[in-house]
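Undergrad: Sharing a sequence plus its predicted fold:
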Amino acid sequence: MHTAAKVMLAVGAVLCAIGAGIWIMGADSVEFDIENDAAYDGTSGTWDYPDDDYFSVYVKDGTSCSGFSASMTDENGSSVDFWGSDNIEIMPCESWNSTGDGFMDIGYINADGPGEYTMESSSKIYVVGVGEELGEAVGGIFAIMGSWMVLCCGVSFLFLGGIFALTLKEGGSQMVVVQQQMPGMVVPAVTHMSSPQYEQPVQYQAPVQEMQPPQGGL
């Protein structure tokens, strides 16, 4: 296989591998993964609330709304914000919305500011920063779009490499003859004439003199 074909095929394979990797990472970022991306999950414990995003509260499908309760208490023992609303606001049962991926959106966080909070709930809850997830999803979309460009370049290189592999032949070894010149020898210049030409000698012809008759007679 010709060297040019090998190079094109190698570059195409590398670009395709890079493009596929970017695609996978982008697709993973686009996915809204509540269980793995939760800032807090559980039925009891503490949460260092950053107050830098809008946080939604989720439970798994099948969780009973009847008798469900959840609280979020600050270091001062208060479970409500400045306006008197619960730090963790749970919506009425008729407002619980299924996300379609095994979870239900049941509420949101109202806490006034950052700090460590004590979390209690009758069933396991998942608290997720919606803004962060949205930013990751947008970044994932751009990553997927970029991966398309890289994959297109990789496929183009593979296509050209395949053409080169079919059309270009590896050149055979060539013998180079080096003519050594003896010292003092002048090599005549090569002209366009295939063989030397010589001028033909010009033959000399004596002029023919006309015979004049003698004057005066005999």
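TA: Looks like it came in fine. Numbering: from 1, shown residues only.
Undergrad: Which parts of the longest strand seen in the chain count as buried, going by neighbours?
TA: For the chain, the longest strand by residue count, based on DSSP state E, is strand 115-129. Neighbour counts over strand 115-129 (16 or more other CB atoms under 10 Å) mark 117, 119-121, 123, 125-129 as buried. Placement of C-beta: from N, CA and C, glycine included.
Undergrad: Next: stretch 83-99.
TA: Neighbour counts over stretch 83-99 (16+ other CB under 10 Å) mark 86-88, 90, 96 as buried.
Undergrad: Just flag the most distant two among the residues you listed.
TA: Across the buried residues of stretch 83-99, the longest distance by CB to CB is 19.2 Å; it joins 87 and 96.
Undergrad: hmm, back to that, output the contacting helices and strands for the longest strand of the chain.
TA: Under the contact definition 3 or more CB pairs under 8 Å, 6 or more residues apart in numbering; DSSP states H and E, strand 115-129 sits against helix 34-37, strand 40-49, strand 55-60, strand 70-73, strand 103-109.
Undergrad: partner strands of the fourth one, parallel or antiparallel?
TA: Think strand 70-73. strand 115-129 (antiparallel) (DSSP bridges).
Undergrad: just the second one next, same as before
TA: For strand 40-49, the paired strands and their directions (DSSP bridges) read strand 115-129 (antiparallel).
Undergrad: now the partner strand against strand 103-109, angle please.
TA: Counting by axes from the mean of the first three to the mean of the last three CA atoms, to 10 degrees, strand 115-129 lies at 140 degrees to strand 103-109.
Undergrad: then strand 115-129 to PDB, C-alphas only?
TA: C-alpha atoms of strand 115-129 as PDB (Å, rounded to 0.1, in the frame of the first residue of the first chain):
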ATOM      1  CA  GLY A 115     -25.500  26.800  55.000                       C
ATOM      2  CA  GLU A 116     -25.800  23.400  56.500                       C
ATOM      3  CA  TYR A 117     -29.400  22.100  56.800                       C
ATOM      4  CA  THR A 118     -30.900  19.000  58.400                       C
ATOM      5  CA  MET A 119     -33.000  17.000  55.900                       C
ATOM      6  CA  GLU A 120     -35.900  14.700  57.000                       C
ATOM      7  CA  SER A 121     -38.500  13.000  54.700                       C
ATOM      8  CA  SER A 122     -40.900  10.100  55.000                       C
ATOM      9  CA  SER A 123     -39.600   8.600  51.700                       C
ATOM     10  CA  LYS A 124     -36.300   9.000  49.900                       C
ATOM     11  CA  ILE A 125     -36.000  12.300  48.000                       C
ATOM     12  CA  TYR A 126     -33.600  13.600  45.400                       C
ATOM     13  CA  VAL A 127     -32.700  17.300  45.200                       C
ATOM     14  CA  VAL A 128     -31.200  18.400  41.900                       C
ATOM     15  CA  GLY A 129     -29.900  21.700  40.700                       C
END
